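Student: sequence below, structure please.
(chains A and B)
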Amino acid sequence: MTMKKDIILKAENISKQYRLGQVGTGTLSHDLNRWWHQVRGKENPYLKIGETNDRSVKGSSDYVWALQDINFEVERGEVLGIIGKNGAGKSTLLKILSKVTTPTTGSIKSKGRIASLLEVGTGFNPELTGKENIYLNGAILGMTKKEIASKIVEIVEFSGCERYINTPVKRYSSGMTVRLAFAVAAFLEPEILVVDEVLAVGDAEFQKKAIGKMQDISRQGGRTVLFVSHNMAAVKSLCTKTIILEHGKVVFEGGTEAGIDYYLRSNQYEAYRGNYINETIEETGFVSIALIDKDKVIRTEFGFDETISIKIKIKVAENHLNAHMGFRVVDRNERIIFTTQVQLADKINSAGMHEFEVQFPVKFLVPNTFKLTFGIHIPNVELIDYQEECLSFEIIETGSEFHIYGNNDNGCVIVDCDWCLTS
Amino acid sequence: MNDKEHSNEEWLFEITPKKKFFSLNFKEVWQYRDLLMLFVKRDIVTVYKQTVLGPLWYLIQPLFTSVIFTIIFNNVAGIDTGKVPPFLFNLAGITIWNYFTSCLNDTSDTFKKNAAIFGKVYFPRVIMPLSIVLSNLLKFGIQFLIFIAFYVYYYYQGATICLNGTTLFFPLLVALMGILGLGLGMIISSLVTKYRDFTYLIGFGVQLLMYLSAVMYPIALLKEKLPAYGWLIAYNPLAYVIETTRYMLLNSGTVSYLGLGYTFAVTVFVFLIGLLLFNKTEKSFIDTV
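Tutor: Modelled structure (predicted):
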């Protein structure tokens, strides 16, 4: 053994079952049935039925597994990113980790105190002052009064709320509340800190501060952070390792870069279309169009710095060789980003099947949702084939220079302007 | 290799599906004692924020109730309170009764009221009802001071009231009342998470219970006037606490040691059942609430 692994947290076969539908009415019969089975020493009859939690597919059972056989290990000082779409089971996992709910099966073993920052500001009492709330929130998170007292100056300073510290929290802006809550948790010094989407709130300056603080916690403090987020940019800059949850199962465990790649590639959102096929073209038209990545794999979600190409297969009749082919990119706000076209005659000189590949400039489109409209036409004469918004895709924020501003609209494209200092 | 295996076994704690029938971790509750005190402080400080009269409300409620009771039950209905001034008689009953009901009412919606915070962070849930009982004890203390003030006033007015040897044990009686309220509150708070019906039951149930608890009359009086319903009182542990309170403080009425023993047994039983149910509920309620 060359290096000893210092595992601080270990999840073994964690599963969590939920009952769907109207909980609270008619459960008495289930309760009795369950109790009757227990009395006779039999297994819980409702644990067997149950299916994977895919909310888009209608299941036959009232019971679903929100989590199924989750296994992972976290080393001391590691920042583990937990990625997954809505409903993949992230929140359930966090709830189990923070002891709010218990797993149905399996166990989590830990060598350190776990403190969660699930939703900042929980436990803040609006009537109490900032200072009183620091004490209260700190104690809720498991600190003793003494510990808090020794940290209070730093906490107040980090939160940037000195001036309001003796004012009731109900007079705070939401941003101030978040700062204060994050400050309390960040200075809590648990061995394991669980953070869930805090960075979605607060302004850019604070987000930067928060990310920096979390880096400090793990790098200098040697403490472990479990970070749950949709924000790929934050995951990229913070995490040393990621796990990806899909329908309640761990589908990936490994490095951050590879994880983000996997996430973007595998977990494609149903609402996007990366592929269009029409095999009934007789004369001229699009046979297939596909959005592909650098490995020629069809995808609908791309990191902002990834290569995006469109593979177009067309059938052309002799009399349409003088046509133009083009497409248009429109964003979610129905803004037309650009239109590009090619004169077929410049590229081909015979009728039949032809295949094109069009590459977008890299780091060009800003993170947003886009729709593509394709057309073949003879200018001002004839529209031969027109496929309106037949493809759609999303550019995911994976660390463009604007990621720190959250969801601000910074335009449609990223332009690398030449900034010169002239005097 | 051995070293690694060894270190892997030293887990600080383990999160598992809780199957144990009863698992109250007293050590953990002790670790969170600061939180307990901060909750008490929060309850005290925030309750009458943004009110003009502030903590005076603590006093207004029992005083006015006593006045009304004195007019209705003593002046109109003519209940005889013996040598004790009726107002003081009622105030003593109401003060201790209030402590019980506030403990019961405030703890009975522990889970419902704190669902948001319980759904986010872990701390021993029992801290919550404990803090309620403690902050209500403080409230009781303030109300008791006003009782003492009136006691002194009536004493110098020449009323025949006096303390006796049992007065020393009054704190124990208060503790008994608090624990009974806490126990019942925990039972109800656990049931409410699944069956909301109990919320409605507690609303008028407590009010009806007051009439059966000898708050505004001596036990002896009811037994004398309604001998057929005497058992209703005889089985009500609260009636003994209230009757004994008056005996301890005003030297009025009787004290039944059998009744007190019964009350003690019921309290212990209710409290244990409460803990058990509470313990069971705290593990699962976040999925059902």
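Student: need the contact list for the residue nearest to residue B:128 when sequence neighbours are not counted.
Tutor: Spatial nearest neighbour of residue B:128, chain neighbours left out: residue B:110 (5.1 Å); criterion: C-beta to C-beta, 6 or more residues apart in numbering or on different chains. Quick note: C-beta positions are derived from backbone N, CA and C, even for glycine. Residue B:110 sits next to B:125, B:128, B:129, B:132, B:185, B:186, B:189 when contact means C-beta atoms under 8 Å, 6 or more residues apart in numbering or on different chains.
Student: whatever residue of the stretch 51-200 of chain B ends up closest to chain A in helix, strand or coil?
Tutor: Among all residues of the stretch 51-200 of chain B, residue B:122 sits closest to chain A, at 3.6 Å; criterion: C-beta to the nearest C-beta. For residue B:122, the reduced secondary structure class is coil; criterion used: DSSP: H, G, I helix; E, B strand; the rest coil.
Student: what's the nearest residue to it if we skip its chain neighbours?
Tutor: Nearest residue to residue B:122 in three dimensions, chain neighbours excluded: residue A:99, at 3.6 Å (C-beta to C-beta, 6+ apart).
Student: phi first, then psi, for the one you found.
Tutor: Note on residue A:99: backbone dihedrals following degrees, to the nearest 10 are phi 70, psi 20.
Student: kindly report the same for residue A:357.
Tutor: Dihedral angles for residue A:357 - degrees, to the nearest 10 - are phi -130, psi 130.
Student: what is the burial count for it?
Tutor: 11 (other C-beta atoms under 10 Å in any protein chain shown).
Student: could you list the residues of the stretch 51-200 of chain B in contact with chain A?
Tutor: B:116, B:117, B:118, B:119, B:120, B:121, B:122, B:123, B:194, B:195, B:196 (C-beta under 8 Å from any C-beta of the partner chain).
Student: the same query, at a cut-off of 6 Å, please.
Tutor: B:117, B:119, B:120, B:121, B:122 (C-beta under 6 Å from any C-beta of the partner chain).
Student: for chain A, what spans make up the helices?
Tutor: Taking DSSP state H as the criterion, chain A carries its helices at A:27-39, A:45-48, A:90-97, A:130-140, A:145-159, A:174-186, A:204-219, A:232-238, A:256-266, A:344-347.
Student: buried set for the longest one?
Tutor: With burial defined by 16 or more other C-beta atoms under 10 Å in any protein chain shown, the residues of helix A:204-219 counted as buried are A:206, A:207, A:209, A:210, A:211, A:213, A:214, A:217, A:218.
Student: tell me which of the residues you listed is nearest to residue B:33?
Tutor: Checking those against residue B:33 by C-beta to C-beta gives residue A:217 as the nearest, at 27.0 Å.
Student: not counting sequence-adjacent ones, nearest residue to the closest one?
Tutor: That would be residue A:223: by C-beta to C-beta, 6+ apart, it lies 5.1 Å from residue A:217.
Student: surely the one you found touches residue A:215?
Tutor: No - judged on C-beta atoms under 6 Å, residue A:223 makes no contact with residue A:215 at a distance of 11.1 Å.
Student: the lowest-mean-pLDDT helix or strand in chain B: what's the following helix or strand?
Tutor: Scoring the helices and strands of chain B by mean pLDDT, DSSP states H and E places helix B:2-8 at the bottom, with a mean of 44. Remark: after helix B:2-8, the chain's next helix or strand is strand B:13-15, criterion DSSP states H and E.
Student: give me the sheet partners of that next one and which way each runs.
Tutor: When pairing is defined by DSSP bridges, strand B:13-15 lines up against strand A:105-110 (antiparallel).
Student: how about the stretch 251-400 of chain A: which residue is closest to chain B?
Tutor: Closest approach of the stretch 251-400 of chain A to chain B (C-beta to the nearest C-beta) occurs at residue A:253, with a separation of 18.6 Å.
Student: and that residue, what is it in contact with?
Tutor: Shown in contact with residue A:253 (C-beta atoms under 6 Å, 6 or more residues apart in numbering or on different chains): residue A:243.
Student: ok, back up a step: count the residues that sit near the residue nearest to residue A:217.
Tutor: Neighbour tally, residue A:223, other C-beta under 10 Å: 22.
Student: residue A:241 now?
Tutor: 18.
Student: re the thing from before, confidence-wise, which of the helices of chain A is weakest overall?
Tutor: Note on the helices of chain A: lowest mean pLDDT is at helix A:45-48, with a mean of 58.
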